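Peer 1: I'll drop the sequence and a predicted model, then ask my questions.
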Amino acid sequence: MNNKIFIFDFDSTFIQVESVSILAEITLADHPNKANIMKEIDALTEQTMAGLYSFSEALQQRLHLFSLHRTHIQKAIEILKTKITPSIQKNIAFFKQYANQIYIVSGGFYEIILPIVKSFGIQADHVFANHFYYNYEGKVVGLDTENPLAQDQGKIKLLKKLNFVPEHTTIIGDGYNDYEVKEAGLAGTFYAFTENISREAVIKNADAIIHNLDGLFLLSDIAYQPQDRNKKVLLLENIHESVRLFFQNKGYEVISEKHALPENELIKALSDIHILGIRSKTKVTATVLEHAPQLEALGAFCIGTNQIDLPKCQQQGIAVFNAPYSNTRSVVELTLAEMILLMRRGVALNRKLNQGIWDKSAEGAHEVRGKTLGIIGYGNIGSQLSILAEAIGMHVIFYDIEEKLPLGNARALSSMDKVLSRADVVSMHVDGRKENRHLIGKREFESMKHGAIFLNLSRDSVIDEQALLEALQSGHVKGAGIDVFPNEPHQSGSTFHSKLLDHDNVFLTPHIGGSTMEAQKHIGDYVSKNLHSYTSHGTSSGSVNFPQIDLPAIESDHRIIHIHKNTPGVLAKINGLLASFQNNIEGQFLKTNEDIGYVITDINHQVKDELIEELKKIPNTIKVRKLS
Ligand SMILES: NC(=O)c1ccc[n+]([C@@H]2O[C@H](COP(=O)([O-])OP(=O)(O)OC[C@H]3O[C@@H](n4cnc5c(N)ncnc54)[C@H](O)[C@@H]3O)[C@@H](O)[C@H]2O)c1
Ligand SMILES: O=C(O)CC[C@@H](O)C(=O)O
């Protein structure tokens, strides 16, 4: 329908909330009477939106209840960008496809609305709203009252000026003033939009009630195909709640489980999943991946990715993301705590006291100050531990297979054996690569100082548990702190077995090095943002197995992703096909690694399904996706 005009309201329609309430929340943050003022503001909004009170008076009254500055407006924009109505966010492609026919008409504020709707392809001259006046200090001193939208019946006055053909005009909103446009004969259709709020006075007058944007697509004769209506996310292992909300707000369908799934169940669960989120427990094997036909991206909501078959992911064009630093500090803090506790024979004394035995003695208890800490693996965790250990008076020596800058007074030694033989405390912080399996076994424990403390908060495979047990039993190793185990249970609350249970100076924790509220929230934010950027814009930065391309959100172009085996000539074939479909390339980005090539192409036409099918037929193609 080329001549159709869609007019969208902004507050509580395009976004989930009223921007005036967010502005008030920000400016009144420390105000002693905040709660009452907010109530007054919300009541005024409600009465106006239900058509019971003068719009212009309510607008002025609300703005007088708090004092607004330019900086508050910037802050509000950042908050409101995260509060876009889910079905609107999900259908960004609709706004881009129909950008010339979509208008925003709002009693809200132009300066807030424009930066938000711009990324949906809506142009500045299609946005109508109020404008602030500022003084020289950036303080808001009023509104442009000449603007019809600052006045009563403002939308009607504006629509008269715009002079659209009423029969071709549909207005979509949650307020009585949206309905009034239809009542005045300026729009042929009014849809009450109830995804965020439903008002009796508004819905009873509507041509139809639409609970989300899908309603509009059903009722209007438009050729838009919602694209990610069926995009599904599976989150396992109790990933932070904010991740589920993030994806739901972006319009994905989310399934969230507290535990890991064994291979056979994972295979069943993945049949229609586009994004999988796991932590360290879920084993994503080649067999699992072969049964995940829709999988586009995989998020390890942790540091380690050794539980994932990364080469197989690459072969199947599945991008993998992790959070390389978000729980680093949490692991370091626990390591320090364990080190101190074990140096004081804390486990044994605590156990005795719990049995009712008072054993007040300094025997075998030492300060960590002045002792030597040997770190194996001086990566993110190892190097941060080094700094904090020095701060409490330890000497630090370390070994890493790669050349690393020693921080503070730490000293790099030329072999692991040298570190093991000189350290009072040995702490493992290597990654879980295959070559590190049983890096520490009988010989290595024997080469440690008599009475050393040993810590492993890295990966279970790194040590030979039986050898550790023997070293503890012989007293050669005085104490151990272990956070990672072979055969960790899939689910919290399960029974756990280990050779190391019930030992007097062994401090065991259920793989919680990174499990703090702070770390889990940071991990959640970081990985989910990267997963969404990848599936919606093609941005691969932060991926551990894909060539890194960092791109802005798709503006007005149509974007195609092509993933192929890294062989010569594929790009030429892609471009040949694009030309044969009469597409003009507006931007193209190619990066390769040893195995794959990753091409992102923005073209000037809507991407045809036939083109995608032809692109898939290019030899060595792994995956093709159209993004808008
Ligand atoms: N317990 C937990 O909850 C928890 C939380 C986070 C991370 N981890 C684990 O901790 C480990 C370290 O994490 P990170 O973020 O510091 O990783 P990182 O990749 O930054 O550092 C690992 C370092 O180990 C070095 N290394 C690898 N093999 C080695 C070897 N054989 N000898 C010496 N050095 C070697 C690497 O060169 C690298 O510098 C990882 O195994 C990670 O999975 C555990
Ligand atoms: O939280 C987890 O499951 C894993 C923690 C840790 O081992 C990591 O790799 O980040």
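Peer 2: Looks like it arrived, so ask away. Numbers count the residues shown, from 1 in each chain. Ligands and ions are numbered 1, 2, ... in the order given.

Peer 1: hmm, who's touching stretch 482-500?
Peer 2: Here stretch 482-500 makes contact (C-beta atoms under 8 Å, 6 or more residues apart in numbering) with 238, 258-262, 281, 334, 455-461, 465-466, 468-469, 472, 480, 506-513. Just so you know, the C-beta spots here come from the backbone N, C-alpha and C atoms, and that holds for glycine as well.

Peer 1: Need the distance between the two termini of it.
Peer 2: Stretch 482-500 stretches 9 Å from its first residue to its last (C-alpha to C-alpha, to the nearest Å).

Peer 1: Buried residues in it, which are they?
Peer 2: Neighbour counts using 16 or more other C-beta atoms under 10 Å place 482, 483, 484, 485, 489, 498 of stretch 482-500 among the buried residues.

Peer 1: repeat for stretch 564-572
Peer 2: So, applying 16+ other C-beta under 10 Å, buried residues of stretch 564-572: 564, 565, 570, 571.

Peer 1: Can you give me the domain boundaries for the protein?
Peer 2: If you go by automatic domain parsing, the domain ranges for the chain are 5-219, 227-327+516-553, 338-508, 555-628.

Peer 1: quick one: contacts for the closest residue to residue 279 other than its chain neighbours?
Peer 2: Of all residues not flanking residue 279 in the chain, residue 237 sits nearest, at 4.0 Å (C-beta to C-beta, 6 or more residues apart in numbering). Residue 237 sits next to 257, 258, 259, 260, 278, 279, 280, 281, 282, 301 when contact means C-beta under 8 Å, 6+ apart.

Peer 1: From residue 182, how far out is residue 92?
Peer 2: 27 Å (C-beta to C-beta, to the nearest Å).

Peer 1: now residue 570
Peer 2: For residue 570 relative to residue 182 (C-beta to C-beta), the value is 53 Å.

Peer 1: now residue 251
Peer 2: 28 Å.

Peer 1: Quick one: name the residues of the stretch 201-350 of the chain near ligand 1.
Peer 2: 303, 304, 327, 328, 331 (C-beta under 6 Å from any ligand atom).

Peer 1: sorry, back to before: make a markdown table from the contacts of residue 237 and add secondary structure to it.
Peer 2: Shown next, in a markdown table, are those (DSSP: H, G, I helix; E, B strand; the rest coil):
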| residue | secondary structure |
| --- | --- |
| 257 | coil |
| 258 | coil |
| 259 | coil |
| 260 | coil |
| 278 | strand |
| 279 | coil |
| 280 | coil |
| 281 | coil |
| 282 | coil |
| 301 | coil |
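
Peer 1: Quick check: the residue of the chain nearest ligand 1.
Peer 2: Nearest to ligand 1 in the chain, going by C-beta to the nearest ligand atom, is residue 379, at a distance of 1.7 Å.

Peer 1: and that residue, how many neighbours?
Peer 2: 18 (other C-beta atoms under 10 Å).

Peer 1: Return the backbone torsion pair for it.
Peer 2: Per-residue torsions, residue 379: phi -90, psi -140 (degrees, to the nearest 10).

Peer 1: Tell me the confidence at the nearest residue to it once chain neighbours are set aside?
Peer 2: Closest residue to residue 379 apart from its sequence neighbours, by C-beta to C-beta, 6+ apart: residue 429 at 6.4 Å. On pLDDT, residue 429 comes in at 98.

Peer 1: list the contacts for residue 600?
Peer 2: With C-beta under 8 Å, 6+ apart, residue 600 has these contacts: 538, 549, 551, 559, 560, 561, 562, 587, 588, 589, 590.

Peer 1: Now the phi/psi pair for residue 143, please.
Peer 2: According to degrees, to the nearest 10, residue 143 has phi -120, psi 160.

Peer 1: Could you give the bridge partners of it?
Peer 2: residue 132 (DSSP bridges).

Peer 1: Equivalent analysis for residue 463, please.
Peer 2: Applying DSSP bridges, one finds that residue 463 bridges with residue 440.

Peer 1: let's number from 32 now, not from 1
Peer 2: Shifting the count to begin at 32 puts that one at residue 494.

Peer 1: and it, how many residues sit next to it?
Peer 2: 25.

Peer 1: hang on, isn't it packed against residue 470?
Peer 2: Yes - between residue 494 and residue 470 a contact is recorded at 7.3 Å, counting by C-beta atoms under 8 Å.

Peer 1: Which residues are in contact with each of these two?
Peer 2: residue 459.

Peer 1: Which parts of the stretch 182-331 of the chain are helices?
Peer 2: Taking DSSP state H, counting those that start in this stretch as the test, the helices found in the stretch 182-331 of the chain are 185-193, 207-214, 231-234, 244-250, 272-280, 294-300, 317-321.
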